[in-house]
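Build me a structure from this.
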Amino acid sequence: MKKLLKILLLFLCAFVAYQSFLFMKGNPGSSEQVEYEVNVETLPTELHPIVAEKVGILIEKTAEQKIKILITDDYRSYEEQDKLYDKGRRTSGKVVTHAVGGESFHNFGLAVDFALQLENGNVIWDIEYDGNRNGQSDWFEVAEIAKELGFQWGGDWRGFKDYPHLQMDFDLTINDLQEGKRPKITQRISEGTEKRSVFKES
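You can find the predicted model right below:
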């Protein structure tokens, strides 16, 4: 009996290790998948190509579920971030971020915001909307697909919930990024993928 338990335990450990390997292999945020470089002289000015490619895949996969999403924001400069931070503080509107310029993954081209787009073209931020009528929130379906692609979702944050927010941190912190550490652009970009902005005007 003890021998059988040991065999089962070994099998379970091997299975968990194999699943962890598969996860690390497919996760673009994994430190084993991405090389880094340090550049303290210049800041990114657009969405990182790996992130842009994954956003394109996200749009395709959600469309297969009869959910149309619109990328409402991607790369954001420090100045744009500061203006957003001022909302609900120095300017009218409600607070939408707690990050000033240089404290958001948007400022380093590693984050996007999304919304749902209806058939009539209207854009909504309704996290309970079930447009494909499958009994699940479209918003949460998008978030699950995004997480399968390696994104982190702001709706999972413990404190301030940022439901439209998706980011890939590549195991880098904001401090790392401020110090100039950057994920290298690698061969992970699919051959034939055109360089394009995923930002759409609403």
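
Residue 88: what's it in contact with?
94, 95, 96 (C-beta atoms under 8 Å, 6 or more residues apart in numbering). (Glycine included, C-beta is placed from N, CA and C.)

Please name the nearest non-neighbouring residue to the second one.
Nearest-residue entry for residue 95: residue 88, 3.6 Å, with adjacent residues in sequence omitted and distances by C-beta to C-beta, 6 or more residues apart in numbering.

go on, the last one?
Counting by C-beta to C-beta, 6+ apart, residue 87 is the residue found nearest to residue 96 once chain neighbours are left out, at 5.6 Å.

Could you export stretch 129-140 as CSV, CA atoms only?
Only the C-alpha atoms of stretch 129-140 are listed here, as CSV (Å, rounded to 0.1, in the frame of the first residue of the first chain):
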residue,chain,number,x,y,z
TYR,A,129,-23.4,42.4,-20.4
ASP,A,130,-23.9,39.1,-22.1
GLY,A,131,-24.2,39.9,-25.8
ASN,A,132,-23.5,36.4,-27.1
ARG,A,133,-26.2,35.1,-24.8
ASN,A,134,-24.2,32.1,-23.5
GLY,A,135,-25.1,32.9,-19.8
GLN,A,136,-21.6,34.4,-19.1
SER,A,137,-20.5,38.0,-18.9
ASP,A,138,-18.7,39.0,-22.2
TRP,A,139,-16.3,41.1,-20.2
PHE,A,140,-15.2,38.2,-18.0
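
Report the rounded mean pLDDT for it.
Here stretch 129-140 scores 97 as its mean pLDDT.

ditto for stretch 104-115
98.

Run through who's touching the longest strand seen in the chain.
As assigned by DSSP state E, the longest strand anywhere in the chain is strand 111-117. Here strand 111-117 makes contact (C-beta under 8 Å, 6+ apart) with 47, 51, 55, 67-74, 104-106, 123-126, 129, 131, 138-139, 142, 164-168, 198, 202.

Now which of the contacts of residue 88 would you call buried?
Among the contacts of residue 88, not one counts as buried by 16 or more other C-beta atoms under 10 Å.
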